[in-house]
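Chemist: Pasting a predicted model and its sequence here:
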Amino acid sequence: MTSTQIVAPAGLKDVVVADTRTGDVRGSEGFYHFRQYSAVELARTRSFEDVCHLMLEGTLPSPHESAALQARLAAASELPAELVTVLPQIAAAGPDRASLARLRTAVSHLGAVEGFGPTYGADPDQIRADVLRLVATVPVIQAALHRLRAGLEPLPARPELGAAGSWLWMLTGKEPGPRETAAVSAYLTLTVDHGFSASTFAARVVTSAGSDVASAVGAAIGTFAGPLHGGAPDRALDALDDIGSADRARAWVRGKVAAGERIMGFGHAVYRTMDPRAALLRTIALDLGGPLADLAVRVETEVVEALAELKPGRELHTNVEFYAGVVMELCGIPREMFTPTFATARVVGWGAHILEQAGSSKIYRPAARYVGPPAPEPVPA
């Protein structure tokens, strides 16, 4: 190691590696924002499409601008014939919960057949067009893969239903009610972006090399698939099923902690309070109503109190995955599509960061500290 190198903490915790205008997470306050606006307030008051405009164009749209963006996304949602031909083979691959691996493959194929070019030296309008192409097609691809795997015909997007309504339609083949549409729209908006997460960093690293938008999004999807990142909403609901009733929650937590297992749906790398996304989703779940929502609230209280006793000082509060699973279940989204729904929203945030990173010509090139045997040693004969 040279005298000019800086030894960073594990996971780059609290290390600032870039400037951004997309938003931030203030973990000690339990607050995060998109651009200059509270993300939770946006989820309560604005459509998912309006927030897409905010993230990709930098401003909340006028009604005319919002309609124009929706028209562009609708026009960009049709899949190329070359991709449609191979989707059945992609859909048949892997276990049920490998949805994001299948999406990653399809995005890579789309980028290849459409000739996505390098971001380095590219016209910013072309980069933005490539980002919009993926924002428009990722939900269509994911829904098509899901239905093909189930032996059903894929359904076209229904832009007139809005992003959330169209997503539910493409998955289920049923026009959703207004309550379900509003709930999913709020969830999508809440999860558009969340600071410099691992998948966002992956997208920016690829973009810093000047690579194409599809490669950057593919890298983000691969990172997002990890159970420590985006791959937890279904597992959190599995845990709720496993617990079964609130009076079993504390014993269940004690067993998991004794076994050294992670409690999905609780704790966060940044927040030291309840995840603000979880707070809004809890309200939405209770508005949707039913035994599952009631059980989730009771179990949440028991688990948080048990974790406080077993891990004092750790601040293990409810995170977004716990109530995300509940809301999606209540809205009829199949469990294997929980994390893909998360990805449908997050591709917008990845796109915003790709656009921002493409404006820099500096490649990410950190150093590693060598801790192996001293070098050089003689090479054995």
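Modeler: Done, it's in.
Chemist: So, low pLDDT: which residues of the stretch 1-150 of the chain?
Modeler: 1-3 (pLDDT under 70).
Chemist: What segments of it are strands?
Modeler: In the stretch 1-150 of the chain, strands defined by DSSP state E, counting those that start in this stretch lie at 23-26, 31-34, 37-38, listed in chain order.
Chemist: buried ones in the longest helix seen in the chain?
Modeler: The longest helix of the chain (DSSP state H) is helix 124-149. Buried residues in helix 124-149, defined by neighbour count with 16 or more other C-beta atoms under 10 Å: 127-128, 130-149. Where C-beta positions appear, they are placed from N, C-alpha and C, glycine not excepted.
Chemist: do you know how far the closest residue to residue 191 other than its chain neighbours is from residue 299?
Modeler: Taking C-beta to C-beta, 6 or more residues apart in numbering, and ignoring the residues beside it in sequence, residue 191 has residue 345 as its nearest neighbour in space, at 4.4 Å. Separation of residue 345 from residue 299 (C-beta to C-beta, to the nearest Å) stands at 25 Å.
Chemist: try residue 45
Modeler: For residue 45 relative to residue 299 (C-beta to C-beta), the value is 30 Å.
Chemist: Which residue of those two possesses the greater neighbour count?
Modeler: Neighbour totals were compared for residue 45 and residue 299, and residue 299 leads with 24 against 12 (other C-beta atoms under 10 Å).
Chemist: What is the burial count for the residue nearest to the more buried one when sequence neighbours are not counted?
Modeler: Using C-beta to C-beta, 6+ apart and skipping residues adjacent in sequence, the residue nearest residue 299 is residue 249, 4.9 Å away. For residue 249, the neighbour count with other C-beta under 10 Å is 23.
Chemist: Residue 82 and residue 106 touch, don't they?
Modeler: No. Assessed by C-beta atoms under 8 Å, residue 82 is found out of contact with residue 106, at 11.2 Å.
Chemist: of those two, who's got more company?
Modeler: The neighbour comparison of residue 82 against residue 106 (other C-beta under 10 Å) goes to residue 106, with 25 against 12.
Chemist: and that one, what is it in contact with?
Modeler: Residues near residue 106 by C-beta atoms under 8 Å, 6 or more residues apart in numbering: 83, 87, 90, 141, 145.
Chemist: same question, residue 138
Modeler: 103, 107, 217, 343-344, 347.
Chemist: make it 7 Å
Modeler: Each residue near residue 138 by C-beta atoms under 7 Å, 6 or more residues apart in numbering is listed here: 343-344, 347.
Chemist: Tell me which of the strands of the stretch 1-150 of the chain is the most buried.
Modeler: strand 31-34 (a mean of 20; mean count of other C-beta atoms under 10 Å).
Chemist: Contacts for that strand, please.
Modeler: Contacts of strand 31-34 (C-beta under 7 Å, 6+ apart): 23-26, 39, 42, 51, 54-55, 192-195, 276.
Chemist: May I see the PyMOL selection of the buried members of the residues you listed?
Modeler: Filtering these down to the buried ones (16+ other C-beta under 10 Å) takes a single PyMOL command:
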select buried, resi 23+24+25+39+42+51+54+55+192+193+194+195+276
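Chemist: Please tabulate the contacts of strand 31-34 in CSV, including the columns distance to residue 372.
Modeler: CSV is the format used below for those (distance: C-beta to C-beta, whole Å):
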residue, distance to residue 372
23, 40
24, 38
25, 36
26, 39
39, 44
42, 49
51, 47
54, 47
55, 43
192, 42
193, 38
194, 36
195, 34
276, 43
